[in-house]
Structure formats: structure tokens, C-alpha cells
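> the following block contains a protein sequence and its predicted model.
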Amino acid sequence: MAGLTSSSIGRKYAMALSAMFLLIFLLMHLSTNMTSVFSEDVFNSASHFMGYNPAVQFLMQPILMFAVIFHFVMGFILEIRNNKARPIKYADNKGSANSTWMSRNMIISGAVILAFLALHFYDFWFPEMNFKYIEANTPDETRYWEELHHKFHDLWRVVLYVVAFGLLGLHLAHGFQSSFQSIGARHPKYTPVIKAFGNWYSILIPLGFIFIAVFHYVTQ
Ligand code: HEM
């Protein structure tokens with residue numbers, strides 16, 4: 001692990017691996033939450049399973065938390081190092097000619113997603129930990145849908161979530177294909193497919209999350 005993060009190529013590689021893991025998580029998270037639109041019972045069962053299955057709780061969740069923290073810390077470290085590597089902002093550095101606006105602003109979209117996650121944990125994760133481990137309540141398989149639905153009662157929260165999902169889309173639009181490049185997956189035949197898939201992914205995943213938030217708001 002130390003070897004992976006001690007060289008600049010290693011750091012990019014590790015960053016890409018954590019990104020890929022989070023891309024898979026996002027798809028799973030969207031699928032679970034999308035069930036709340038179609039069936040209260042299915043969402044309750046899925047949430048209960050995730051909340052009490054030991055493999056999910058004590059293996060997958062710690063790995064996920066590590067990946068989230070690693071991705072953000074490494075993102076900031078890479079940004080600082082990149083800035084140090086080019087201390088002079090050349091007058092003729094026409095950024096848009098060399099890179100897209102989004103690729104130059106991954107740190108900004110990343111910081112907004114981090115702020116979103118702080119709110120999101122306050123909304124869902126902390127109450128869940130409190131319910132299970134601090135108050136030590138007996139499991140209740142029927143509560144999850146109602147709790148989620150109630151969260152989207154406030155317009156301000158829905159607006160903040162939707163703005164964050166928009167920036168998530170922009171972050172993914174560059175991050176998806178960039179993570180494949182960083183692990184050296186370049187091929188004349190497959191790179192255009194990866195790019196096209198990444199474009200669809202970065203549109204459909206945030207739109208799915210937006211749909212869930214808006215659905216619960218309008219069906220209050
Ligand atoms: C409308 C959209 C979303 C809904 C309804 C939603 C719902 C939830 C719920 C109910 C939990 C608590 C799970 C539990 O521990 O019992 C949770 C946790 C979490 N969410 Fe979301 N989420 C949404 C979007 C997102 C997005 C876009 C991200 C990432 C950028 C995200 C990242 C996380 C993470 C990292 C956790 C903690 C890990 C876990 O317990 O699974 N969520 N979310």
C-alpha cells in the first residue's frame with residue numbers, strides 16, 4: 001500500500017482504483033434506493049438486510065468508508081502536488097485548449113460532493129448508527145421507507161441534493177474515463193466504448209438520484 005501511494009504514478013493508480021470501487025457502489029446505492037419508488041416493502045427488506053447483515057455491516061461498510069476517505073484525501077493531495085509542480089501560471093496557458101473545464105475543476109466538484117456527503121450522513125447514516133448502536137433499539141423492519149420519505153419533506157434539502165447530484169454528474173463525466181486511463185486501460189477499439197459508457201453513466205446515475213429525491217418530495 002505504501003509503495004502504491006509513494007510514487008506519483010502509484011498515487012494516480014490508487015486514486016483510480018478507489019474511484020472504480022465508488023462507481024460500483026453508486027450503481028448499487030442507486031438500485032437499492034430506486035426500489036423505494038416502486039415498493040415500500042422491497043425497500044424496507046433491502047434496507048433491513050443491508051443494515052443487519054454482518055458481512056455488509058462489518059466488512060463492506062468499513063471498506064466503503066475507507067474508499068470514500070481515501071478518495072477524498074488522495075484527491076486533495078494530488079491537487080496540491082499538481083499545483084506545486086506548475087507554480088508559474090503561464091500567461092499563454094489556454095486551459096480550455098489542453099483540457100476540459102471539468103477536468104480542471106475536479107477538486108471543486110469533489111469538494112461539493114464532500115459537503116453533500118456531510119449533510120447526507122447527518123440525514124441518514126448518523127440516525128441509523130444512533131438507532132442501532134447508541135439507543136440499541138430492537139430491529140424494526142418496517143421503518144426505513146417512512147424515514148426516507150419523510151427526509152424529502154423539505155424543499156431546501158431536495159434543492160441541495162439536486163445541486164449536488166448535478167455536480168456529481170460533472171465529476172463522473174471526467175472521472176469515469178480518467179480512472180480507466182490512469183490504470184493504463186487504453187485501446188483504440190475499447191477506449192471510445194469506455195468513454196461513451198462513461199458519458200451515459202454520468203448522466204443516468206445522477207438523474208436516477210434526482211428522480212428519487214423529487215419523487216419523495218412530490219408524493220408527500
Ligand atoms: C436520492 C438519493 C439518495 C438517497 C435516497 C440515499 C439514501 C441513503 C440511505 C437511506 C443511507 C443509509 C444507509 C444505512 O446505513 O442504513 C445512505 C447512506 C450512504 N449514502 Fe446515500 N442516498 C442517496 C444518494 C447518495 C449519493 C449520490 C452518494 C454518493 C455521492 C451517497 C453516498 C452514501 C454513503 C457513502 C452512505 C453510507 C454508507 C452506507 O451506509 O451505505 N448517497 N444513503
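That came in fine, so what should we check first? Please read all numbers here as calculations on a predicted model, not as lab measurements.

> around the ligand, pick out the residues from this structure.
Contact residues, the chain versus the ligand (CB under 6 Å from any ligand atom): 29, 33, 47, 51, 61, 64, 68, 113, 120, 124-125, 128, 148, 161, 168, 209, 212-213. C-beta coordinates here come from the backbone N, C-alpha and C atoms, glycine included.

> which of these are buried?
29, 33, 47, 51, 64, 68, 113, 120, 128, 148, 161, 168, 209, 212-213 (16 or more other CB atoms under 10 Å).

> helix or strand right after the worst-scoring helix or strand of the chain on mean pLDDT?
Taking mean pLDDT, DSSP states H and E as the measure, the chain has helix 95-98 as its least confident helix or strand, at a mean of 57. Using DSSP states H and E, the helix or strand that follows helix 95-98 in sequence is helix 101-104.

> elements contacting that next one?
When contacts are defined as 3 or more CB pairs under 8 Å, 6 or more residues apart in numbering; DSSP states H and E, helix 101-104 sits against helix 155-182.

> what packs against the helix it packs on?
Judged by 3+ CB pairs under 8 Å, 6+ apart, helix 155-182 is in contact with helix 8-38, helix 101-104, helix 106-120, helix 190-218.

> adding mean pLDDT, write these out as JSON lines.
Formatted as JSON lines, these follow (pLDDT from 0 to 100):
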{"stretch": "helix 8-38", "mean pLDDT": "95"}
{"stretch": "helix 101-104", "mean pLDDT": "78"}
{"stretch": "helix 106-120", "mean pLDDT": "96"}
{"stretch": "helix 190-218", "mean pLDDT": "97"}
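
> and residue 183, which of the ones you listed is closest to it?
When these are compared by CB to CB, helix 8-38 sits nearest residue 183, at 5.0 Å.

> check residue 189 and give its pLDDT.
For residue 189, the pLDDT comes out at 85.

> apologies, that question was intended for residue 83.
Per-residue pLDDT puts residue 83 at 81.

> neighbours around it, how many?
Neighbour count for residue 83, taken as other CB atoms under 10 Å: 11.

> ok, it - contacts?
For residue 83, the contact set (CB atoms under 8 Å, 6 or more residues apart in numbering) is empty.

> any idea how far it lies from residue 164?
Separation of residue 83 from residue 164 (CB to CB, to the nearest Å): 25 Å.

> got it, and residue 51?
For residue 51, the distance to residue 164 equals 24 Å [CB to CB].

> quick one, phi psi at residue 136?
phi 50, psi 50 (degrees, to the nearest 10).

> identify the residues contacting it.
Shown in contact with residue 136 (CB under 8 Å, 6+ apart): no residues.

> roughly how far apart are it and residue 130?
10 Å.

> identify the contacts common to the two.
With CB under 8 Å, 6+ apart, residue 136 and residue 130 have no common neighbours.
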